[in-house]
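Visitor: below are the sequence and a predicted model; questions follow.
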Amino acid sequence: MPTKSLEPQVRTTFATRNDIPPATRTESCKLLNTTLAATLDLWTQLKQAHWNVKGPNFYQLHLLFDELATAVYEYIDLVAERITALAGVANGTARQSASNSFLSEYPAVPISEKEHLQALAERLAAYGKHLRTAIDKTDELDDQATNDVYIEIARTIDQKLWFIEAHLQEGH
């Protein structure tokens, strides 16, 4: 049986009375589907760290990683619903996310507490960079509602990156 392509659909497919130009909606949906894939991937990687962290700071990091995963999880639905509000198709299956995420694969466990923190800091930074690029792109597209979604997510991700990096920095 031939396998179906997991390539994301980038065109808008549903009729809408939304007055955002179709080309703008298509570009925003393409960008949002990239974000959706990475957001789902980031959430699973945060849960991987949460489940597998070991060491003297286990409890604190276990709770921190779960708090971060909970925050990121909220954005999965926000991004997917923005896609559908633009008359697009949200490509949010696990397979679609795995094949379309720009994030690096999470390191194989067991790894140290510090390695978990470094891996998560790298992924949060890459995700944050993507968000800032998306903020600029949606501003150029004059899609201010999507731009606002990206700004909201970026504000949270920057804060969560700070929380992770604080564990990697030496006190003065």
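Guide: Here it is on my side, so go on.
Visitor: could I get the full set of strands for the protein?
Guide: In the chain, no strands are defined using DSSP state E.
Visitor: which helix or strand in this structure has the lowest average pLDDT?
Guide: helix 94-100 (a mean of 95; mean pLDDT, DSSP states H and E).
Visitor: I'd say A37 and T93 touch.
Guide: No: look at A37 against T93 with Cβ atoms under 8 Å: they stay out of range, at 9.7 Å. Backbone N, C-alpha and C define where each C-beta goes, glycine included.
Visitor: distance check, the residue nearest the centre of the chain against P110.
Guide: Most central residue of the chain, judged by C-alpha distance to the mean C-alpha position with Cα atoms, centre = their mean, is T39 at 2.2 Å. Remark: distance between T39 and P110 (Cβ to Cβ, to the nearest Å) = 26 Å.
Visitor: pLDDT below threshold where in the protein?
Guide: 1-12, 172 (pLDDT under 70).
Visitor: tell me which other helices or strands the helix ranked longest in it touches.
Guide: The longest helix of the chain (DSSP state H) is helix 22-52. In terms of contacts (3 or more Cβ pairs under 8 Å, 6 or more residues apart in numbering; DSSP states H and E), helix 22-52 is packed against helix 58-85, helix 94-100, helix 113-140, helix 144-168.
Visitor: more crowded one of A37 and T93?
Guide: A37 (23 against 12; other Cβ atoms under 10 Å).
Visitor: residues contacting the more buried one?
Guide: In this structure, A37 makes contact with P8, N91, G92, Q96, S97, A98, S99, N100, S101, F102, judged by Cβ atoms under 8 Å, 6 or more residues apart in numbering.
Visitor: check A38 too.
Guide: Neighbours of A38 in contact, by Cβ under 8 Å, 6+ apart: S97, S101, F102, L103, Y127, H130.
Visitor: now those as TSV including neighbour count and distance to D19?
Guide: Below are these laid out as TSV (neighbours: other Cβ atoms under 10 Å; distance: Cβ to Cβ, whole Å):
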residue	neighbour count	distance to D19
S97	23	31
S101	22	32
F102	13	31
L103	20	34
Y127	24	31
H130	21	28
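Visitor: ok, back up a step: dump the helices and strands packed on helix 22-52 to a markdown table, plus distance to Q48.
Guide: Listed next are the helices and strands packed on helix 22-52 as a markdown table, based on distance: least, Cβ to Cβ, whole Å:
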| stretch | distance to Q48 |
| --- | --- |
| helix 58-85 | 9 |
| helix 94-100 | 13 |
| helix 113-140 | 9 |
| helix 144-168 | 14 |
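Visitor: wait, which of these is closest to Q45?
Guide: Closest approach to Q45 among those (Cβ to Cβ): helix 113-140, 5.9 Å.
Visitor: tell me which other helices or strands that closest one touches.
Guide: Helices and strands in packing contact with helix 113-140 are listed as helix 22-52, helix 58-85, helix 144-168; criterion 3+ Cβ pairs under 8 Å, 6+ apart.
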